[in-house]
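> My questions concern the predicted model and sequence given below.
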Amino acid sequence: MRRRWRYPFAAGVLAALPLAALLIAMGRSATGRAPLALWCAGPLFLAAALMALGAWWSRSATWLHLRVEEPAGRRIALSLPAPINLLARLLRLARRLAPPPARAELAEADGLLRDLRALPPDVPLRIEVGSPGGENEGPAGRLEIYVG
């Protein structure tokens, strides 16, 4: 699982290299096609480069794995890199700049992020979702959050 970053990285690099060569070739030509190359190939090169950089970053990023299980047996799993450390820094900065009533709420969010980072990678945070109205006594579903 930890090596899957290589596929989007390779795709981004393999797409960025020919686009970079095209941009360089068009820029050197004296036919006046350089603006056309920048308008057409420039955004594609930028997207491919961002894809490669994002994949490179995701190899060492903290991953957030969500698993949702519904009572009918349907399961959904989602895994994505989550910049928890960056988010914690932004929350601390926002807490300093926020008015006093909002500081308490931002402190709670910062505490939740601190708890999520402290979780071992193999121990999930489980949330049982109850049925609305209270007619059924069993849970309506389960959400598991793994951080690691």
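Perfect, I can see it now. Residues are numbered from 1 along each chain as shown.
> What is the least confident helix or strand in the chain?
In the chain, no helix or strand scores lower on mean pLDDT, DSSP states H and E than strand 125-130, which sits at a mean of 66.
> That one: what's the following helix or strand?
Following strand 125-130 in sequence order, the next helix or strand is strand 139-147 (DSSP states H and E).
> and that next one, how far out from the chain's middle?
Remark: strand 139-147 is offset 19 Å from the chain centroid, using CA atoms, centre = their mean, to the nearest Å.
> Low-confidence ranges, the protein, go.
1-2, 29-34, 36-37, 121, 127-140 (pLDDT under 70).
> Tell me where it has helices.
6-28, 34-58, 84-97, 100-118 (DSSP state H).
> out of the ones you listed, which comes closest to residue 125?
Residue 125 lies closest, by CB to CB, to one member of the helices of the chain: helix 100-118, at 7.0 Å. C-beta: built from backbone N, CA, C; applies to glycine.
> gap between residue 101 and residue 107?
12 Å (CB to CB, to the nearest Å).
> Which of those two has more residues huddled nearby?
Applying other CB atoms under 10 Å to residue 101 and residue 107 shows that residue 107 carries more neighbours, namely 14 against 7.
> is it true that the more buried one touches residue 95?
Yes: if you go by CB atoms under 8 Å, residue 107 and residue 95 touch, sitting 6.3 Å apart.
> For the nearest residue to residue 62 once chain neighbours are set aside, the count of nearby residues, please.
Of all residues not flanking residue 62 in the chain, residue 84 sits nearest, at 4.9 Å (CB to CB, 6 or more residues apart in numbering). Using other CB under 10 Å, the number of residues around residue 84 comes to 17.
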